[in-house]
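Visitor: Compute the structure for the input listed below.
(one chain, ligands or ions: 1)
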Amino acid sequence: MSDKTCAKCGAAVDAGEVREFRDQELCEDCYMEALSPLHVCDPWAVHTAKSLKDLPGGQNLTPIQQKLYDLVKAKGEVPIPEAAAHLGLNEDDLRREFAPLRHMEMLRACKKDDLILLTLF
Ligand SMILES: [Zn+2]
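Guide: The predicted model follows:
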């Protein structure tokens, strides 16, 4: 029953699903990303990277996911607590809404000091 927290994106991870990378406990996504040599986490350079990608239109986002995406798009980077407050969610729910956006490569999370910031992918 002990849920873990991904050391990188802060997502809640089932204890059984945790992947260990070096000495960190990561979710599946971050683990795959950590294994990738292409890993980049630079919020300031993100908008150039994939801006040509076909975004929302074809994706089936929930209204909350759409709001979250719009919020991040408008602000560039949004700390998780601020995004949660903006959408009226607690942080766990926010992270659950965030996960599919991450899978669709629309949003990503970057750790900056003690804050986890959501940015465009
Ligand atoms: Zn993660």
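Visitor: right, and the helix or strand after the helix or strand of the chain with the lowest mean pLDDT?
Guide: Using mean pLDDT, DSSP states H and E, helix 46-49 stands out as the lowest-scoring helix or strand of the chain, at a mean of 45. Sequence-wise, the next helix or strand downstream of helix 46-49 (DSSP states H and E) is helix 63-75.
Visitor: buried ones in that following helix?
Guide: For helix 63-75, the buried set under the neighbour-count rule, 16 or more other C-beta atoms under 10 Å, comprises Ile64, Gln65, Lys67, Leu68, Tyr69, Leu71, Val72, Lys73. C-beta here means a position set from N, CA and C on the backbone, and glycine is covered the same way.
Visitor: again with stretch 11-22
Guide: Buried, per 16+ other C-beta under 10 Å, within stretch 11-22: Ala11, Val13, Val18, Arg19, Phe21.
Visitor: Within reach of the ion, which of the residues you listed are there?
Guide: Of the residues in the buried residues of stretch 11-22, proximity to the ion by C-beta under 5 Å from the ion holds for Ala11.
Visitor: Just give me the closest of the buried residues of stretch 11-22 to Pro81.
Guide: Closest to Pro81 out of those is Ala11 (14.7 Å), distances taken as C-beta to C-beta.
Visitor: I'd assumed Phe98 was in contact with the closest one.
Guide: Yes: Ala11 is within contact range of Phe98, at 7.4 Å (criterion: C-beta atoms under 8 Å).
Visitor: Now list whatever residues contact both of the two.
Guide: Shared contacts of Ala11 and Phe98 (C-beta atoms under 8 Å, 6 or more residues apart in numbering): Ala109.
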